[in-house]
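Peer 1: Model the following, please.
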Amino acid sequence: MKLDAPSIVTALLHDTVEDTEVSLDNIQSEFGSEVAHLVDGVTKIGRIHFHSRQEQQAENYRKMIVAMAQDIRVILVKLADRTHNIRTLQHMSPKKQKEVARETLELYAPLAHRLGLFRLKTELEETSFRYLLPEAYHHLQAMVSSRQGQRQAYTEGLIGIIGDMMEDAFAGRESVVVTGRPKSLYSIYQKMQSQDLEFDDIQDLTAFRIVVDDVGQCYQALGIVHANWKPVPGRFKDYIALPKPNGYQSLHTTVIGPEGKRIEVQIRTHEMHQIAEEGIAAHWQYKGGESKGVDEARRFSWLRQLVEWVTQLNDPQEFIHSVKEDLFEKEVFVFSPRGQLFSLAKGSSVLDFAYRIHTDVGHQCKSAKVNGRMVPLKRKLDNGDTVEIITSSNQSPQREWLDIVRTSKAQTRIRSWLKKQQRDESISIGRELLERELKKKCKNGDGKKEYKQNFDRVLSKFDVRDEEHLFTILGYGQISVTSVVNEILGLNGNQRSGIGKGEQGDELVLQRAKEKSPLLAGRPTKSDGVIVGGKRNVMINFCGSCSPLNGEDVKGVITRGRGIKIHREGCKYLLEADEERRINAVWDGAAVARPRHIQLKIVCEDTPGILANMSRAISSLGVDIGSVVLKKLRNGHGIARFGLMLSSIDELNAVVIQLQQEQGVLSVERV
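Peer 2: As a prediction, the model looks like this:
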């Protein structure tokens, strides 16, 4: 990476604060404030109690990203550390291997890509792919190896042909370089999955590069390639005029080459090539002084936007989801009516564009024009589109918009607005319920005088922050309005049990739900399997969308009149729920887990007997198969959807492992 001395010292010291008795003050006194600041940035948050592993993970990500925005060297050291970790995965347990590989593929590889660290990104992806999907990896590796000799001969021949073309055009210029680079296994796998292709259908397994002296020669070389081979329509991309956010510049084209095969050609200058290979590290040799890491951090507009979300998102599930979404690179470039260029995630709609401009523009987006024509809000954007947003002060976000938008910014803003509406509605309901009950029970007047006199006692008794919080939890039914009125009027004899200050606030959430449950608190039953807020036998139901299984991280959401709904962590309906309605939940180890219906999606080779083999593998574990649907694809693959009755996440993992060992099974995922 060609990093400086403080970065090397940080790399050597990065685990000391986390794993030893050495403090940041010790490091500062020995190595200076610059190294101490970098070490702090790469050190995980410790000695703080978190409610869940996901919350701790979110805070570690948040800290790392904020530190990265202040000094880009933080993430470069972190990426080097992760590269070392993944090179030694063979010494870890299979479960830990998959955890590290998945986190690497979802977070660190996209970060490396965003920073233009191509070689690092490729290594992280390839190794993670090998541990996450070993059967698919080795199958693809064997396919590539079997054609290695043929492909190498074709590549060398083509390099010679392109070299002769360039020599004729740039006579005497020895600096023109033509090379061929084989595509990584993971990129081949992604292409096969996204386009439903067989390995034999992929022709461009090698990308050819032409490296020249200046920008003018790039376009000249492009003209020569197109003059000799017919270009494939829609496959030309000019990243020189419109560089990628990570600084990458190049001309990309696909042509029909010898033997009728498609050839991908990239054309760039020597400087562009160095940046494409080494990313941000390519800038290091040109910079000096302590501020270089800070200066480099300012170059990345995507990083500034990411930090903006980091500081605004409080929910750990939503935070992790947003970070992972924003890091994936696939983008589309569009223009405003004034010609300003905007980049959005590929698949974004005009509604995403509205939120990209400003939150208020998104909230009030009524309709839109793309290239001068009226389009629906769900219209997906293409490269080069000119988008005009039409707003109305009478327009407001709708829940259906969450199914339209693609970007995390738009999703977050819409969810925040909907949560605020839920909260405002609950405040109104809570105030109305309290006023009505006070009037009914107060013998003299409307009870407002007693309410003011005893307000502080009510806050202390029910462990609520202020009046708005009180109205909110009354509106949600988290505490009984009768118990609050009894406390205000001093009717202790008839008062329902409240929760004293200092006790777990989650417990008061359960009162209303428990009133509707005929079961005895504290005794586990077969129909029950979740402890909510420390209590058993609360009236619960399970989300049909995420179908949580015993052993998975879960959380409850208080519903009006239907008790507590249990969701799997990360469920989209959990993310949409106001935080005031959420309550901690864990599986009850003393209860008997009931089987729940889940679906598995299996991508497999379309061969005789494959369905019978998969069914036999599942049945051998004693698992009931409720339904099977098999769909044939044109590429020789098939997609099987199994409906299974499972009692725990351990059973699900056992089924997945059993299926992955079957010949012809390419991937298994839960839907």
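
Peer 1: Let me see the contact set for the residue nearest to A169 when sequence neighbours are not counted.
Peer 2: Excluding its sequence neighbours, the residue lying closest to A169 (CB to CB, 6 or more residues apart in numbering) is I224, at 5.3 Å. Using the backbone N, CA and C atoms, a C-beta is placed for each residue, glycine as well. Taking CB atoms under 8 Å, 6 or more residues apart in numbering as the criterion, I224 is in contact with 165-166, 169.

Peer 1: what helix or strand does I224 sit in?
Peer 2: Counting by DSSP states H and E, the element that carries I224 is helix 215-228.

Peer 1: can you check F208 too?
Peer 2: F208 belongs to strand 206-212, assigned by DSSP H and E.

Peer 1: quick check, R634 in a helix?
Peer 2: No - under DSSP: H, G, I helix; E, B strand; the rest coil, R634 sits outside any helix and is assigned coil.

Peer 1: And for it, the neighbour number?
Peer 2: 10 (other CB atoms under 10 Å).

Peer 1: Excluding sequence neighbours, find me the nearest residue to it.
Peer 2: D196 (6.7 Å).

Peer 1: Distance of that neighbour relative to L630?
Peer 2: Distance of D196 to L630, given as CB to CB, to the nearest Å: 15 Å.

Peer 1: before we move on, back to that, would you list the phi and psi of the residue nearest to R634?
Peer 2: D196 adopts backbone torsions of phi 50, psi 50, taken as degrees, to the nearest 10.

Peer 1: For it, report the pLDDT, please.
Peer 2: Turning to D196, the model gives it a pLDDT of 72.

Peer 1: Verify the stated contact: it with N635.
Peer 2: Yes - when contacts are counted by CB atoms under 8 Å, D196 is listed as touching N635 (4.9 Å).

Peer 1: In three-state terms, label the residue lying closest to M92 once chain neighbours are set aside for me.
Peer 2: Nearest non-adjacent residue to M92, counting by CB to CB, 6+ apart: V100, 7.0 Å away. With three-state DSSP as the basis, V100 sits in helix.

Peer 1: residues contacting V100?
Peer 2: Applying CB under 8 Å, 6+ apart to V100 gives the contacts 85-86, 89, 92, 131.

Peer 1: of the residues you listed, buried ones?
Peer 2: 86, 89, 131 (16 or more other CB atoms under 10 Å).

Peer 1: mind listing which of those residues are in helices?
Peer 2: Those of the buried ones among the contacts of V100 mapping onto helices are 86, 131, per DSSP state H.

Peer 1: ok, the buried ones among the contacts of V100 vs Q599, which is closest?
Peer 2: Using CB to CB, Y131 is the member of these that lies nearest Q599, at 25.1 Å.

Peer 1: Just to check, the closest one is in contact with K98?
Peer 2: Yes - under the criterion of CB under 8 Å, Y131 makes contact with K98 at 6.3 Å.

Peer 1: what do these two both touch?
Peer 2: Counting by CB under 8 Å, 6+ apart, Y131 and K98 have no contacts in common.

Peer 1: After the host helix or strand of I162, which helix or strand is next? Please name it.
Peer 2: Assigned by DSSP H and E, I162 falls within helix 148-169. With elements assigned by DSSP H and E, the helix or strand that comes after helix 148-169 is strand 177-182.

Peer 1: Need the CA coordinates for that next one. CSV is fine.
Peer 2: Backbone C-alpha positions of strand 177-182 (Å, rounded to 0.1, in the frame of the first residue of the first chain) are rendered in CSV as follows:
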residue,chain,number,x,y,z
VAL,A,177,1.3,-1.9,-23.3
VAL,A,178,-1.3,-4.6,-24.1
THR,A,179,-2.1,-7.3,-21.4
GLY,A,180,-4.8,-9.9,-20.6
ARG,A,181,-6.1,-10.4,-17.1
PRO,A,182,-8.2,-13.5,-16.2
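
Peer 1: Strand partners (parallel or antiparallel) of that strand?
Peer 2: Applying DSSP bridges to the sheet, strand 177-182 is found paired with strand 206-212 (antiparallel).

Peer 1: The partner strand vs helix 148-169, what angle?
Peer 2: 20 degrees (axes from the mean of the first three to the mean of the last three CA atoms, to 10 degrees).

Peer 1: between strand 206-212 and helix 215-228, how many degrees?
Peer 2: 130 degrees.

Peer 1: as a whole number, average confidence for strand 206-212?
Peer 2: Per-residue pLDDT over strand 206-212 has a mean of 88.

Peer 1: who touches it?
Peer 2: With CB under 8 Å, 6+ apart as the contact definition, strand 206-212 has outside contacts at 151, 154-155, 158-159, 162, 166, 170, 173, 175-183, 218, 220-221, 225, 263-270, 273.

Peer 1: try stretch 657-664
Peer 2: For stretch 657-664, contacts defined as CB under 8 Å, 6+ apart pick out 134-135, 600, 602, 604-605, 607, 610, 613-614, 617-618, 620-621, 665, 668.

Peer 1: Check stretch 630-637 too.
Peer 2: Identification of contacts with stretch 630-637 by CB under 8 Å, 6+ apart yields 192, 196-198, 201, 603-606, 611, 638-641, 666.

Peer 1: out of these, who has the most neighbours?
Peer 2: Ranked by neighbours (other CB under 10 Å), the contacts of stretch 630-637 are led by C604, which has 22 neighbours.

Peer 1: residue ranges with poor pLDDT in the protein?
Peer 2: Across the chain, the ranges flagged by pLDDT under 70 are 1-2, 44-70, 172-174, 203-204, 245-246, 279-330, 477, 492-528, 537, 560-561.

Peer 1: After the helix holding I224, heading C-terminal, what element do we hit next?
Peer 2: strand 230-231.

Peer 1: partners of that next one, with directions?
Peer 2: Paired strands of strand 230-231, with direction, are strand 251-256 (antiparallel) (DSSP bridges).

Peer 1: Tell me the buried residues in the partner strand?
Peer 2: Result for strand 251-256 [16+ other CB under 10 Å]: buried residues 251-255.

Peer 1: Over to stretch 199-207?
Peer 2: Buried residues in stretch 199-207, counted by 16+ other CB under 10 Å: 199, 204-207.

Peer 1: can you put these in JSON lines and add distance to K565?
Peer 2: Shown next, in JSON lines, are those (distance: CB to CB, whole Å):
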{"residue": "F199", "distance to K565": "44"}
{"residue": "D204", "distance to K565": "48"}
{"residue": "L205", "distance to K565": "49"}
{"residue": "T206", "distance to K565": "52"}
{"residue": "A207", "distance to K565": "49"}
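
Peer 1: Tell me the one of the residues you listed nearest N371?
Peer 2: D204 (30.6 Å).

Peer 1: how about the helices of the stretch 551-671 of the chain, start to end?
Peer 2: Ranges of helices within the stretch 551-671 of the chain are 572-576, 610-619, 649-660, based on DSSP state H, counting those that start in this stretch.

Peer 1: The longest one versus helix 610-619: what angle between them?
Peer 2: Taking the same axes, to 10 degrees, one finds helix 649-660 and helix 610-619 inclined to each other by 150 degrees.

Peer 1: now helix 649-660: how far from the chain's centre is it?
Peer 2: Put simply, helix 649-660 sits 24 Å off its chain's centre (CA atoms, centre = their mean, to the nearest Å).

Peer 1: Based on its surroundings, how many neighbours for S33?
Peer 2: S33: 12 surrounding residues under other CB under 10 Å.

Peer 1: Could you check how far it is from M165?
Peer 2: According to CB to CB, S33 and M165 sit 56 Å apart.

Peer 1: Q220 now?
Peer 2: Using CB to CB, Q220 is found at 11 Å from M165.

Peer 1: Compare those two and say which is more crowded by neighbours.
Peer 2: Using other CB under 10 Å as the criterion, Q220 and M165 rank with M165 on top: 18 against 15.

Peer 1: any chance of the helices of the stretch 551-671 of the chain in JSON lines, plus distance to I427?
Peer 2: As requested, the helices of the stretch 551-671 of the chain are exported to JSON lines (distance: least, CB to CB, whole Å):
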{"stretch": "helix 572-576", "distance to I427": "19"}
{"stretch": "helix 610-619", "distance to I427": "50"}
{"stretch": "helix 649-660", "distance to I427": "38"}
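
Peer 1: Can you tell me which of those helices is nearest to L24?
Peer 2: Using CB to CB, the nearest of those to L24 is helix 572-576, at 34.8 Å.
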